[in-house]
Structure formats: structure tokens, C-alpha cells
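Asker: With the sequence up front, the predicted model follows.
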Amino acid sequence: MLKRSLPAIVVVLLSIGLPSLGQGPATVQPDLEEGFRNPPPEARPHAYWLWLNGYVHPESANAELQAMKDAGFSGVLLFDMGARGDKAVQPPAGPAFLSPVWMKQFRESVRQAKDLGLQVDLSVISSWDLGGHWIEPRHASMGLYPIETTVEGSGEIDLVLPFPPVPPGAPPGPDGRPAFWQDIAVLAVPDARRLPGHEFIFKLDPEGVHALREVILDNGNPRPPAGLAESMTPTRDFSVEVSTTGLAGADFGEVVRGTLPPGPGSRSFVLPAGTKARYVRLCLLTGHDSTRDRLTLGEFSVIDRDGVNLAAARSTDRRRSGATLLRGSPPLGYDQSWSHENLHDGSNDGPAAVFASAGRPPFAFRRPEELVDVTARVDREGRLRWKASPGRWTILRYVCMNTGERLKVPSPASDGWATDHLNAEATRAHMSYVIARLKETLGEDLRRSGVVNLYLASYEVRGPVWSPGFTAEFKRRRGYDMTPWLPVVFGARVGTDAMTDRFLFDYRKTLGEILIDAYYVAARKTAHEAGLTIKSEAGGPGPPVHNVPVDALLANAAVDEIQGEFWPYTPEADAMWVVKETASAGHIYGKTRVHMEAFTSFEGWREGPQDLKPSADRVFCEGGNHMVWHTWSHAAPQAGLPGWAYLAGTHINRNVTWWSKARPFVEYLSRASYLLQRGQFVADVLYYYGDGGYRFVGPRRNDASLGPGYDYDVTNSDVILNRLAVRNGRFVLPDGTNYAVLVLPRSEEAHPDVLAKIEQLISAGGVVVGPRPLRAAGLEAYPASDQRVGEIAARVWGEMDNGQTGQRTHGQGRGVQEGPLRDVLSGLGLPPDFIAPDCLDFIHRKDGETDIYFVRNTRPEPVEATASFRIEGRQPELWDPVTGETTPAAVYRAGHGRTELTLALAAHGSTFVVFRRAPATPPIRQVTPGAKVLLRSGHLVAQSEKNGLYQFENADGQKLSVEITGLPAPLVLDGNWTVEFEAGRGAPPTVQLARLESWTLHPDPGVRFFSGRGRYRKTFTLPPGWRQDGQRTSLDLGQLWTIGEVWLNGKSLGVVWTPPFGLDCTDALRERSNELVVEVTNTWYNRLVGDAGLPQSRRLTRTNVTTSGGRPWADLEPVPSGLMGPVRLVPMADRPLKQE
């Protein structure tokens, strides 16, 4: 076991008076400490194991599994995946995914993993989304495509309707059309009118009325594809209207009408003084160029008085809910790349960032009854026979057909169609095919095969997704026929803006429900029939990667094992931080393990463990509790070094320079995961994020109304309706997880069934905080739904105005309309769970009568800060996840419902504070500065690095003291050092250093760009009398990057990978001659940077990865590496306290 004599944690205690929350005495769990020291498999990390290009070297595969086991991993998630990067050095093409040859190797790997005790999960696709070469066109991805025709009605119409343009790549049929297509609807409209321009309606974020300063339009750089350049015109004329109330036409008033210059670039338009808005309508007017229908626009921003863009989508900042684009014109060719969603995505370059219209502005219909359904009068050949009234008719034909969507990055022999994810039959067909191949290879009883989970990768299907049965499902779920509303899907207005918005709400909600049932639920049922379970990143990836049309929490409920992801090095890291969402899903649906796709990045071997720890700790504080390392790429001997790797991910495998020293970091992740999987999450607040589709949870945030020190979960309609109850004034879930208050979203809309359940919860004693709903969302059961919402709201919120602060008792509980949430909790007798400076972050779990807090230092420098916990009557214990050591705190103060102690944490340091036993001895309350007090086997011991008289006082008023004398000053090991470099890495065998400094400062390029192990040697002799009887000595290495391993006089002192880089060397230290060896290992990064400036023939590295952070290796600078010191021997006295 590693020992650190420069501990990351020092404890001192203070006290404040707050009411007790009634925690009773702890029940000791004898297995808790053992599980922390030696975590079980369920707490140990897994790794994405990528078989790039489907290629596997059998001997290397077996060796990799053994290496994972030896390093402390407990499982793999196996992916068949295409390689990226430099094709000249990619793996050779292997067999097709699930082919007999592929399955033969898979069987061997499963056998080897099972023998080693490693769990195997299998991704059921080569790359992602769901699909493969076995998918038939009727099960392949579908879209809905419109086409219009104008006819003059004067009696019987006999017309062959045009067929919409076929998507490129769609599986071909014999007649030039896709192999699968189906007419969904044909609608006839008399005297069809169009909107005055391409309209976009934004609901500003946060919801409410805002004072506005300006709007900014940016034509961007569309870079149109070949053949379209002549037909695409940058936006010129436009108008902006605002509404502070609703979406009716009369609610909007024009505030600016302007013209943009023809080229790229942004232009600001100042709004009239006093302009306020809840909704903003942007209209792109086409009158300036009647010869060209298509318009492009890069970005539209609505700026408030504080300079904040209130129209920004969540994709630009996942921390915010994001403005909702309620209405938009269809994109160019109905291609998602040119979607209207791009108008507020924060980018203005290229098809994925620019809106381009599909032609003339969308239609505007006065009412749904205006559209005549003539679908039954169209035959399979598209021939319409219909007796039309006189006049001009527009015929709208909507065809569902194959989109041509294929797998994202499949291995060369494994490409195929993506499935129709809205079709349960398609999902079952795919899963059944996979399971049949598994049974053929592993036997009928897959429960004993070694494979546990089948993995569904994140949903990233693009385009206008549809399914043949969508309209029927819509009617079954929403209770009305969506056929006359189909034009709305493509930007039309039917009836008023408000009615159109209601339909879009129903459409988006239904889309999400069908996706969950047809994809996740269908896959889970099929897997269960075979004795397997489903694991998935079901709620994501979400914005900015893909705005999945689901209630993300409900999607997570549909699978057995949930997974999120985090990207630690993304400049806007919050944009890809799907942690709180997944953790909330785990908590509200009773799923113990919250898996995380961990350390995803594009940095390419830059990271070492000390770089990864801060992001891991943040994940732990947000509720993640099991790491799945992204990524371990299989590498054969011919791959070279660092070898083959998938483009994304923090690369880890046997080729990583620091692989032999990886286990301590793996143990750290395992210990933290073990404790954070115990018991239930503790939080006081449950936020409801509303009803409908496209619902996501951003990263953990500090709500200004709530303030620091409280924690929360987010819930959805399903949990409120089916899992939430009130007991003893708290909102309780079936597993016992509970909350003090339920907080409603800032919205004027609510589902009547959800609101009825909320009324029941309030009547039973719950406290609900949030604005009074005014109406229902959607057309489902409309207008009775609005009436029902109004009646419930009147009972719960009384006659108060929507903006009036106040509260109202209802039954045994209360509805609180407005006011700081922190004040509400304080009024309930609930002070913050954790009080500390903002440099400390926390999470709290309760396991029976044991309370477990994880606390992290968010800063890159050491901090000493006082933390107060909402616990009394139990002794705090410090559990160090780096070493596995547990230490009862001796110095603290407790009373009035709280326990306070000061934590001294290293740079990005962390600790667990565990409360489980009544104090064995009275705590020390006063300590002379400069000393630390420890409790060892019931005896108090003082430690200090300085001489002096140290006096103490315990809670009973007893005086204690200790005098420390004879300690020498720390000994700095400066002067010459010898460094021996790993052979074959470009550095000379040995260099002499006059002082410790980074390798990157050395004049020899072989040292400056060195990657690998450098072994520092130094001999020294202690000054006479420097070492005293009973003195402990620690070795302080100062700074190093990235991992160090230390030997003193041939005795291993251990591995250091995170600050403080210190080890106890007392037992290895000699009076006379001593030899110190410090082996420091950096990453492959520097050698890859150096090799980029060399001819191919002189390079030492070989890999298909050509960039880091999106920049070529040649454009980068090496990272400071090696042992930078200063290195010191620090004496420390260790004396028992005596009563005065």
C-alpha cells in the first residue's frame, strides 16, 4: 500500500449552531472499509475495447485482456469500429462484424475474459447507429418527403403526381425509386397562400419577458455544394417582430425591418428603446430577388441589455436550457445539414451551421379543415383521380421512403443501412439477428456465456426521420388525426401561431415516445428474452452533437444500464458533459450504477492521470459512479508505437508510455466509485423539467435562487405520475431517495394529468415551488385540457396573479409561487447540507446510517478551507481514495446539528468524509497552529514539521500538550542529477543535469521531445545529527509530469501520480550514503510533436492519428515533462499528547 507522508488532507474543527435533522447513531458495516481498500469488480473501470477495421491479432488480444485485469479493470465494452486518420498506417481490413471469422475471434476473447473474471459487453453495431448489412429496406431508416403540384379544379382531376426527389444513397428499387416507399398522405388545398417570407419564431431563454437591446444577423459562409451555388442567395431583406404575451398574430409587433449586405459578415440592428419580448419572430423576405428562391443565413441573435444572446440554442452552452425555435422553414432539400436549427447554434460556417431554405416560403392555412385529405384517391403509381371544385388547388404529397442513412464509421467490410429507429419491428429484427449469431457461437444459454450487456450506442440518426406507422401511432397516443397538420412539420402555419405551436408540441412529444418504445424498449425486451440486458447512452448524446427528440430521463428508464459521457478537454467542456442528466435518471429510476463514457477528447496522448483526475472528480460530484474508459484500441505488433488508435478518446492500452504505472489511478477511480455506489443520493431539491420531447438536463449548476450547499435531481412527468409519493412531508421514491421540495419549470404550460398528481402530492404534505400554470400544452384533449389546468391551478395557487409572490396552503402542503428557493428550504428547517468556500465541491450519499461525503478541491493549487456538514453525533473519518487509508478525525467541532472541520487539500485534491460511529473520544477543538492531531488506536498523536510547544483543548475542556524539539531543517537535494533515458526513444542514454528542470528546456532535441521513462539518480549523505530518534521523514518531489515511481536504497517507496508528490521514506533512509532513484514517465505527446518535424525515415513513432486538439502535430509545442522539483527530505515529529 502506498503511503503519503505529505497528506492531501489535514483536519481541524469548528462549530456553528443549526437545528439537528435527527440522524441517529451509525451502524457499523464491517465490509465498507474492505470494499474501499480493495474495490469489487462492479466498482472497477471498464474500457471501450475497439477492434479497429474489424482486425484482431489473436495473441495480442489475449495479452490485452490480461493487461486490463492486471491493471485493475473489470470489464470491456467491445466495439467493431472503422479506423480514422492516416489511411497508410491504419489496421488492415478485418472480417465483417458478426461474420463466422469475426465470431471465432470473439468467442476466444469472451472465453479468455471469462477466465480472467472480466465482464464483456458487446456493441450490437459496427460503429453506430443501429444497423448492418442484414437490414432490409423495409426496416431501414425512413424519412418523410413532400412535393407539391398546382392544378386548376374544374371537375374530375386525373393526374399522376410527381414523386419527391429520392435521397442520395437510398437503397434502390427497380423503378428508380427507393426500395421501400409509401404514400403517407395527399392533401388538396384551395387557393393556398404562403407566408410573406421564411418565418422563424423563437421562445427566448430563460422563459419570460426580457428587455432587448439589439438583434444581430450574420450571413455567414454557406459554402454551397456544387450545382447549388447559382440558386442560393444570402439573405437580404428581413423583419423582426416581438411579442410579450402569446403567439397569436395580433400579439406581434414589428420592431425592425432592414437589409443585409450581400456578402458574409454580421450586422447589428439596434431596437427601439423599451423593446421587450417573450417571443421573437424573424421573417426573411424574398421580394428582393424573385429569380432565386433559396436563401441562406448563418446566425440570428437576440441581445438583451446585459449583452446576453437570449436566442442561443442549448447546443452553444449545455448549461442553459436554450431558446426554443418553435417554427422554422424547411431546410435545403430537406437536408438536416442546412436545418433552420442552425440559425441559433453559435456557428456560421458550412452546411452544418447555416440555414438554407428549400425554396419558396412555407404555406399559411387558415384552419386545418381547409386541407382536404385525398389520400384514398391516389393509387400506388401516384395517380390522383378526384372531383375537385372549381379553382386553383395545391396538391401536397407526403411520401415516406428510405433515407439512405448508413452506419457512421463501420469497419470496411461491415457497412450497411441504419435501421428505422421508430419501428419496433426493425429493432427486433436487428437484435434478433445479433442474438442468433451469439447463440450460434457461444451456445443457447447466453446468461452463462460471459456476455452481460448488449450496448446501444447514442442515437445520432439525421434528417427528417419518419416511419410508416407514425401517423397511426400519433392518433393512438394523442387522440386526433395529425394528417391535416402535416404541412406544419415543414414550416407551414395552420390556423393561428398558437395552434400551430400546440401541434408541434404534440408532434415532438410523440416522436420522442415512439423512439423510446420502438428502439430502447423493443431492444430491451428482445435482449431479456435471450437472458441479456441492455446498456445505452439513451438520453444522449444530446446537444451539441445531436438534439435527440426524447425525454432524456424517460429514455434512460427504458434500458437496464445507463451511461452518460464527459469530455474533459473540450474548450466548452460543458457542451459535452452528460453527467447530471444520467445521474438524475439513475436516482429517480433506482439504477445504482451511473456509467460514464470517460475522458473522451481529441487530444491524442496528451493526458496523464494527473490531468484526468480533476474531470473525474467533477463527474463524481455530479453523480457519476462508474468509469468506462474511452478508449482502448486493439493494437497488434505491426502497429508500431504508439500504434493504432481511434481518433477520439484518451488513449489507453499496453502501448501507452505510463501503462505499467496505471494501476494506482485505476484504484483511485475504483475506490471512489465503490463508495459512491453505496446507499442513496442525498438531495433536498427535485426539479421538474416539464413535459414533452427534446428534454435534456444540463451539467450541475448553482441555481441563483437555491445558492450553494444544496444538491438536486431533475425529474420528468413519468416519475411524478408513477413513482413519486409524499411521506412525512418529503417527496419519496420507491427506493427511499427523497427530497424536501419539488420545483416546477418556469412555464405557463402543464400537462393536466401531471398537474393533478402534483395537487395530490401537495395535499399529502408536499411543498411545491413554481409559477402558476395557465394552460395545457398541445392539442391533445384541447380545449378541455386548458379548462382542467385552470381548475387545478385555481385550487392550488388561488387567485394570485402569475407574477405575484406568495404561497398558499393546500391540504397538508403548500404551493409556493415565487421567492428564493433557499428561503423556502430555510423555512422548512433545512440549512445547506454542505457549507464551504466555493473552491470546494461535494456530493453526499447515505448508506443505512452511514453518511458518505465526497469533497474535491476545484482549484489547481492547494487550499485549506473549513467545511460544515449537516451531521451531528458521529465522528468524521477521512478516507483517502488515493491510498485507501482511513483515518478518524481527531480535531473537529460539533453541535446544533452540524459538524465542522477544516480540510487541507492538495491541488485538485479530494477526500471522502465518512460519518458512521459515535465519537470514541472527545474531539479536539483548539490546536496550536503548525501541528496536526491524529487518532491512532484510540490514542491522540501530534505531528509537526517544526519545533515548538503545542497546546490543545478537547470538547470536555481538558488541556493537552506536546513539546517537539530537535527537528532539523528540511534537506534540499539540489546539485547534479544523472538521468538515464529509455532506449530507442531518441534521447541519449544518459545526461547530467546541474539542476532539475523540464526536459523541454534541454538543448538536445532528443531530450526536448522525449517520450517515455527517464530514471533520475542521485546519491547523498545525511548531515551528521540530522536524523533524530522517533523522527519520521518524507520525500517531497516537488513538481513532476506525469507519473513518478521512487526507490531509495533499492527499496520501492511507491508510485506518485497526483499532488502532493510525497512519500514516507523513513524506513529506507540511511545515516550515511543513500541512493535515490526517481523514474518519471511522460506521455507520447512530445515525441509525436518532435517527429512531425522529421522526415518519415527518421521518425520513431507510428500512428494513424495525425492531430491533437484539431491541430497537426507539427503546429504544437511539447509539454513540460520530467522531474522539476525541488526535491526535499522533510523531517516530522510524531509524539503522543499528554494531559496538562
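Answerer: That came through fine.
Asker: C-alpha only now, for contacts and for neighbours.
Answerer: Noted.
Asker: what secondary structure does Thr809 sit in?
Answerer: Secondary structure, DSSP: H, G, I helix; E, B strand; the rest coil: Thr809 is strand.
Asker: That one contacts Gly798, doesn't it?
Answerer: No: between Thr809 and Gly798 there is no contact under CA atoms under 8 Å: 9.5 Å.
Asker: Need the overlap of contacts for those two.
Answerer: Residues touching both Thr809 and Gly798 (CA atoms under 8 Å, 6 or more residues apart in numbering): there are none.
Asker: Can you pull the phi/psi pair for Arg366?
Answerer: Main-chain dihedrals, Arg366, degrees, to the nearest 10: phi -70, psi -30.
Asker: Which residue is the nearest non-sequential neighbour of it?
Answerer: Gly495 (4.6 Å; CA to CA, 6 or more residues apart in numbering).
Asker: Can you give me the distance of the one you found to Phe202?
Answerer: As for Gly495, its distance to Phe202 is 18 Å (criterion: CA to CA, to the nearest Å).
Asker: So between those two, which is more surrounded?
Answerer: Neighbours were counted for Gly495 and for Phe202 using other CA atoms under 10 Å; Phe202 has more, 23 against 17.
Asker: Run the chain-centre distance for stretch 723-740.
Answerer: Relative to the chain's own centre, stretch 723-740 is displaced by 26 Å; criterion: CA atoms, centre = their mean, to the nearest Å.
Asker: Only alpha carbons, please: show that stretch as PDB.
Answerer: What follows is stretch 723-740, C-alpha atoms only, in PDB (Å, rounded to 0.1, in the frame of the first residue of the first chain):
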ATOM      1  CA  ARG A 723     -43.100   6.800  -8.800                       C
ATOM      2  CA  LEU A 724     -43.300   9.800  -6.600                       C
ATOM      3  CA  ALA A 725     -45.200   9.900  -3.300                       C
ATOM      4  CA  VAL A 726     -45.100  12.100  -0.100                       C
ATOM      5  CA  ARG A 727     -44.200  10.800   3.300                       C
ATOM      6  CA  ASN A 728     -43.500  12.900   6.400                       C
ATOM      7  CA  GLY A 729     -43.500  16.000   4.200                       C
ATOM      8  CA  ARG A 730     -40.900  14.800   1.800                       C
ATOM      9  CA  PHE A 731     -41.100  13.600  -1.800                       C
ATOM     10  CA  VAL A 732     -40.200   9.900  -1.700                       C
ATOM     11  CA  LEU A 733     -39.200   7.400  -4.500                       C
ATOM     12  CA  PRO A 734     -39.700   3.600  -4.100                       C
ATOM     13  CA  ASP A 735     -36.000   3.000  -3.100                       C
ATOM     14  CA  GLY A 736     -36.200   5.600  -0.300                       C
ATOM     15  CA  THR A 737     -34.400   8.500  -2.200                       C
ATOM     16  CA  ASN A 738     -36.300  11.600  -1.000                       C
ATOM     17  CA  TYR A 739     -36.400  15.400  -1.500                       C
ATOM     18  CA  ALA A 740     -37.800  18.300   0.500                       C
END
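Asker: That stretch: which residues count as buried?
Answerer: Buried residues in stretch 723-740, counted by 16 or more other CA atoms under 10 Å: Leu724, Ala725, Val726, Gly729, Arg730, Phe731, Val732, Leu733, Thr737, Asn738, Tyr739, Ala740.
Asker: which regions of the stretch 801-950 of the chain lie under the pLDDT threshold?
Answerer: Residue ranges of the stretch 801-950 of the chain with pLDDT under 70: 801-805.
Asker: just the helices in it please.
Answerer: With DSSP state H, counting those that start in this stretch, the ranges of helices along the stretch 801-950 of the chain come out as 821-827.
Asker: which one of the buried residues of stretch 723-740 sits closest to His57?
Answerer: Set against His57, the nearest of the buried residues of stretch 723-740 by CA to CA is Thr737 (47.5 Å).
Asker: Many thanks, have a good one.
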